[in-house]
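got a structure for you, letters missing:
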């Protein structure tokens, strides 16, 4: 599987800076997902269905606006169906796990796929990493270990939830790499529309099969709509936009910012204490992205 196309050599600094900003901002909104899932009073898998279904009219309109772009080939369409199915299974597993374990564990195991994406990025380079890339990898793994290690709490009470979140991390890899391949030739909204169309029936079928409540109850539609807007329209919208411009190695490193952003949001919104090791972890993950971008060959 080949990596995504890199920005053109003659592209100005401003667009490249915007692509990185979009990648990081998308991850910031995605980091809010576990909190919003907890606020909904549908079933957790049903919340994933609404996350996919509610933005579809907007996605269809924006995809129609992209009609001048390349149309998907049969191979690309199959890639997107596979990506959407995997994304549906990812959300079903992760949202279920969020309800059964600590949010710190959910963030840790749900982002385990970023490690696999980084390893795939090394394979896709078809060469040994250079000095800056080795430093970036060391900083990324070190920062993630600090952030995740502080929130990790293994116990029999959370084991089932942890396993669901770990499974979600594996499905996320099967989603992100085919989506990145499709993004090389298709517009972001076309990609998101096809992925959502494939994922929504998977999530609804699972929710109905396990007997979850699908329609929001006393909590109303606000948490579900907030989840759809923040995680799908903004978070995935920015992430899919950025996929075209970075290799899997940098994408995987960027996904590692989610534990850092989750810790930061917990401090800002919920008064959770940030320890010095949290700050060191955030700094290492940030340094990893800077080093990887400065390497120029990733």
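Alright, I've got the coordinates. Remember, it's a predicted structure, so these values are computed and weren't measured experimentally.

For stretch 29-47, measure first residue to last.
16 Å (CA to CA, to the nearest Å).

I misspoke; the intended subject was stretch 23-43.
For stretch 23-43, the first-to-last residue distance is 29 Å (CA to CA).

average model confidence for that stretch?
The average of the pLDDT scores along stretch 23-43 is 86.

Equivalent analysis for stretch 94-104, please.
Stretch 94-104 comes out at a mean pLDDT of 80.

For it, list every residue counted as buried.
94-104 (16 or more other CB atoms under 10 Å). (Glycine included, C-beta is placed from N, CA and C.)

what ranges of the stretch 101-250 of the chain fall below the confidence cut-off?
103-105, 108, 124-131, 147-157 (pLDDT under 70).

Can you get me a residue count around the nearest residue to residue 217 once chain neighbours are set aside?
Leaving aside its chain neighbours, residue 217 sits nearest to residue 41 (4.6 Å; criterion: CB to CB, 6 or more residues apart in numbering). Residue 41 is flanked by 16 other residues according to other CB atoms under 10 Å.

looking at it, residue 41 is touching residue 216, isn't it?
Yes. Assessed by CB atoms under 8 Å, residue 41 is found in contact with residue 216 at 6.0 Å.

Overlap of the contact sets of those two?
residue 223 (CB atoms under 8 Å, 6 or more residues apart in numbering).

Who are the contact partners of residue 251?
With contact set as CB under 8 Å, 6+ apart, residue 251 has these partners: 4, 23, 117, 121, 176, 180, 242-243.

Next, the residue nearest to residue 217: secondary structure please.
coil (DSSP: H, G, I helix; E, B strand; the rest coil).

contacting residues around it?
Counted by CB under 8 Å, 6+ apart, residue 41 has contacts 213, 216-219, 223.

Quick one: list the elements packing against the longest helix along the chain.
Looking across the chain with DSSP state H, the single longest helix is helix 74-100. Helix 74-100 is packed against helix 33-39, helix 44-53, helix 103-110, helix 159-183, helix 188-209, with contacts defined by 3 or more CB pairs under 8 Å, 6 or more residues apart in numbering; DSSP states H and E.

Are there helices or strands packed against the first one, and which ones?
Where contact means 3+ CB pairs under 8 Å, 6+ apart, helix 33-39 is packed against helix 74-100, helix 103-110, helix 222-227, helix 257-270.
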